[in-house]
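S.K.: Provided below for reference: sequence and predicted model.
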Amino acid sequence: MNIEQTLFFWQYASAAILLIVIGFYCLLVTYNLFRVLIGLELLIKGVTLFLLAAGVLGGHGAVSQGMIITVIVIEVVVMIVAAGVVLAFQNEYDSLNVKNARQLKG
Amino acid sequence: MLNLALLILLVIVALWTALTPLLLRSAIGLALTSVLLTVIMFRFNAPYAAAFELSVCAGLIPVIFISIISLTHRLPLKEFLKRRESRISRFWPLPLLLLAAAAGLYFVRVPLNLALPWPETIGDVRVVLWEYRRIYLFGQVMVLLAGVFGVLVLFRERKKDEH
């Protein structure tokens, strides 16, 4: 990779890092269980962008696409199960606020 | 130039998704983020990943999220306003943090070299998945089965004596 390519990659890496920062911040400060999923999604978007840029600009686009497809499959399964957890939480506590989760033992 | 504009738009839409007080808008913002990521993937000549991103992340996941929102009840207006104030107090540092991070990243510019050694360049994702990384497919099937199992456990019928 020449200097121009590394700088070009750095733009994408920066955007990915910013997406990861947004996702982490959302995860850290929110009390709403649904927003936790939104934060997690944004975080995964950052990782996907990083994989894409690294693979394509590093000359291994096909490998990075394979990894991205794997990440997307895992992402959707995690989201579906998490959606089930959110609904079960809502039915149990009549709220999405994680502060209400005080009966997790046993 | 268009690539940079797309990246900036992607970050702005993601920020709006995190900051907007209505959950429905957040779900729509997430779909928009995925659509922008899909456009970037197409421009990077990654059509299979782009098709997956568009159909699953911009299509299926927002639909699931909107279904969850429709199944939960709406907060009373007073409670909503109170929570919105609380949210503003927790989320206001995020745009500033993001600006500081963007400025830092602009000035740092780490020269990353990603040209890793590789025995041969494989140009087709189908060859990678079916020939070289078959274990990924196995893992994907296992994760899907785990997901089905998880949903079954979550939505099973409860017995009367269970709490």
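M.R.: Happy to help now that I have it.

S.K.: can you give me the helices in chain B?
M.R.: For chain B, applying DSSP state H gives helices covering B:2-19, B:23-43, B:47-52, B:61-71, B:77-91, B:93-108, B:125-127, B:134-154.

S.K.: Now mean pLDDT and mean neighbour count too, for the ones you listed, in JSON lines please.
M.R.: (Glycine included, C-beta is placed from N, CA and C.) JSON lines is the format used below for the helices of chain B (pLDDT from 0 to 100; neighbours: other C-beta atoms under 10 Å in any protein chain shown):
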{"stretch": "helix B:2-19", "mean pLDDT": "91", "mean neighbour count": "18"}
{"stretch": "helix B:23-43", "mean pLDDT": "93", "mean neighbour count": "20"}
{"stretch": "helix B:47-52", "mean pLDDT": "89", "mean neighbour count": "20"}
{"stretch": "helix B:61-71", "mean pLDDT": "88", "mean neighbour count": "16"}
{"stretch": "helix B:77-91", "mean pLDDT": "79", "mean neighbour count": "12"}
{"stretch": "helix B:93-108", "mean pLDDT": "85", "mean neighbour count": "13"}
{"stretch": "helix B:125-127", "mean pLDDT": "77", "mean neighbour count": "16"}
{"stretch": "helix B:134-154", "mean pLDDT": "82", "mean neighbour count": "14"}
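
S.K.: Next, count neighbours for residue A:65.
M.R.: For residue A:65, the neighbour count with other C-beta atoms under 10 Å in any protein chain shown is 28.

S.K.: okay, the helices of chain B in CSV with distance to chain A next?
M.R.: Converted to CSV, the helices of chain B look like this (distance: least, C-beta to the nearest C-beta, whole Å):
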stretch, distance to chain A
helix B:2-19, 4
helix B:23-43, 5
helix B:47-52, 4
helix B:61-71, 5
helix B:77-91, 4
helix B:93-108, 4
helix B:125-127, 4
helix B:134-154, 4
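
S.K.: Would you mind pulling the contact partners of stretch B:79-86?
M.R.: Applying C-beta atoms under 8 Å, 6 or more residues apart in numbering or on different chains, the contact partners of stretch B:79-86 are B:21, B:75.

S.K.: One more pass at 10 Å, please.
M.R.: Applying C-beta atoms under 10 Å, 6 or more residues apart in numbering or on different chains, the contact partners of stretch B:79-86 are A:31, A:32, A:97, B:21, B:22, B:74, B:75, B:76.

S.K.: Using CSV, write down the CA coordinates of it.
M.R.: Extracted in CSV, the C-alpha atoms of stretch B:79-86 (Å, rounded to 0.1, in the frame of the first residue of the first chain):
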residue,chain,number,x,y,z
GLU,B,79,-43.3,10.8,31.8
PHE,B,80,-42.0,11.1,28.2
LEU,B,81,-41.0,14.8,28.7
LYS,B,82,-39.3,13.9,32.0
ARG,B,83,-37.3,11.1,30.4
ARG,B,84,-36.4,13.3,27.5
GLU,B,85,-34.9,15.8,29.8
SER,B,86,-32.9,13.0,31.5
